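**Student:** Mind folding the following:
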Amino acid sequence: MTTVPGHNIVLQQSGAAQELAQQAHSPKPTPEQAVAQQEAGQVVKNSTVQEFDESERLKTKKEKDALRRKQLLEKAKKNKEKEEKDQDPDATGRLLDTTV
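**Tutor:** Residues are numbered from 1 along each chain as shown. The predicted structure follows:
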């Protein structure tokens, strides 16, 4: 809140105006600090490894292979259960073959 000198009026600033005022009064870094910050940024930038498209393709290929392997195992398991069910003559849902 601010007051107008010489008058009995109180004004309230909006949030954006308060933030702007705080930024305007924030201390500026010294030239030594600015150089140190820039050097630290360069070190981080130079130490970061760029990711290539090939690594992304290898990752997706690995995921697809794992999914395909999982699907094959599930299919083999279902086929095995189906064969066991077909071989059991006393299983539920089977009609008896009787002749009179």
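
**Student:** In this structure Q37 contacts P29, no?
**Tutor:** Yes. Between Q37 and P29 there is a contact under Cβ atoms under 8 Å: 6.9 Å. Using the backbone N, CA and C atoms, a C-beta is placed for each residue, glycine as well.

**Student:** Show me whatever sits in contact with both of these two.
**Tutor:** Common neighbours of Q37 and P29, counting by Cβ atoms under 8 Å, 6 or more residues apart in numbering, are absent.

**Student:** first to last residue in stretch 41-54, what's the distance?
**Tutor:** 27 Å (Cα to Cα, to the nearest Å).

**Student:** For the remainder of this discussion, apply numbering that starts at 10.
**Tutor:** Yes, from this point I'll number from 10; that puts the last item at stretch 50-63.

**Student:** buried stuff in that stretch?
**Tutor:** Going by neighbour count (16 or more other Cβ atoms under 10 Å), nothing in stretch 50-63 comes out as buried.

**Student:** can you point me to the longest helix in the protein?
**Tutor:** Ordering each helix of the chain by length in residues (DSSP state H) puts helix 62-96 first.

**Student:** what mean pLDDT does that one have?
**Tutor:** Across helix 62-96, pLDDT averages out at 88.

**Student:** elements contacting that helix?
**Tutor:** Taking 3 or more Cβ pairs under 8 Å, 6 or more residues apart in numbering; DSSP states H and E as contact, there are no helices or strands that helix 62-96 lies on.

**Student:** Ramachandran angles for F61?
**Tutor:** With angles defined as degrees, to the nearest 10, F61 sits at phi -100, psi 160.

**Student:** ok but A43 is inside a helix, no?
**Tutor:** Yes. Counting by DSSP: H, G, I helix; E, B strand; the rest coil, A43 falls inside a helix.

**Student:** That one: how many residues sit nearby?
**Tutor:** Residues lying near A43 (other Cβ atoms under 10 Å) number 11.
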